[in-house]
Each structure stands twice: as C-alpha cells, then as structure tokens.
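K.L.:
Prediction below, plus the sequence it came from.
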Amino acid sequence: MQLRDIAHSRAGDKGDISNISVIAYRLEDYALLERELTAERVLAHFAGVVQGEVVRYALPQLGALNFVMQRALGGGVTRSLALDAHGKALSGVMLGMEL
C-alpha cells in the first residue's frame, strides 16, 4: 500500500528547508504512520534530494507527523535550477512511499 492510500499531506518551504506534514485520513491509521514513517526512512526515500537532516515531530491528537527537511530545495526555491523543487512537489513524492 502507498502512503497516499491512508494519508494526505500539507507542505511548505522557506529558504532551503522543506516542511511536510502527513495526516492520516482516519485516526486509527495514525499508529501505522508513527511506526513506519521514521525520520531515517524519509531521509532514505529522499536520497539525492535532501542533503541535510530530517527531524520528525509527532502530533498524535491530529493524527499527523511533521517532517522538517534541511537542505532539501537545492539551495532554496529562488536559487535552485531544479524544476518544481518546492515543498508541494516533495509532498507528492512522500505520498508515493510504500508502507
């Protein structure tokens, strides 16, 4: 199953930092998200894109996890030569993860 089957995402970016929240459609699926979506696994999924650390913040009351990814946008949205490197594009990539 892909992450998008049980969750949706919200994203933002500032400078060279991408911020992606993954929110379970159903609160009962949050435990699966918390178990499967580690910072290490997210960093591995974005290998070659995210050059810095990934920090995960748990928001259990919302059924959500928030990931802050450093050095994720090729120097920043206005400095990068990468096409569509904004946080919104990365959130789509995140939702393609296999659980």
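P.N.:
Here it is on my side, so go on.
K.L.:
pLDDT at the residue sitting nearest the centre point of the chain, what is it?
P.N.:
With distances taken as Cα atoms, centre = their mean, the residue of the chain nearest its centroid is residue 20 (4.1 Å). On pLDDT, residue 20 comes in at 95.
K.L.:
Check the one 3 residues further on too.
P.N.:
Residue-level confidence at residue 23 comes out at 98, pLDDT.
K.L.:
In a strand, it, correct?
P.N.:
Yes - assigned with DSSP: H, G, I helix; E, B strand; the rest coil, residue 23 falls within a strand.
K.L.:
so what's it bridging to?
P.N.:
residue 8, residue 64 (DSSP bridges).
K.L.:
how far does stretch 38-46 sit from the chain's center?
P.N.:
The chain centroid and the centroid of stretch 38-46 are separated by 9 Å under Cα atoms, centre = their mean, to the nearest Å.
K.L.:
Residues touching it, excluding its own?
P.N.:
50, 53-56, 67, 69, 72, 90, 93-94, 97 (Cβ atoms under 8 Å, 6 or more residues apart in numbering). Using the backbone N, CA and C atoms, a C-beta is placed for each residue, glycine as well.
K.L.:
next one: stretch 54-65
P.N.:
Contacts for stretch 54-65 (Cβ under 8 Å, 6+ apart): 21-24, 26-27, 29-30, 33-34, 37-40, 42-43, 46, 66-70.
K.L.:
For the worst-scoring helix or strand of the chain on mean pLDDT, buried residues please.
P.N.:
Using mean pLDDT, DSSP states H and E, the weakest-scoring helix or strand in the chain turns out to be helix 87-95, at a mean of 80. By 16 or more other Cβ atoms under 10 Å, the buried positions in helix 87-95 come out as 87, 89-91, 94-95.
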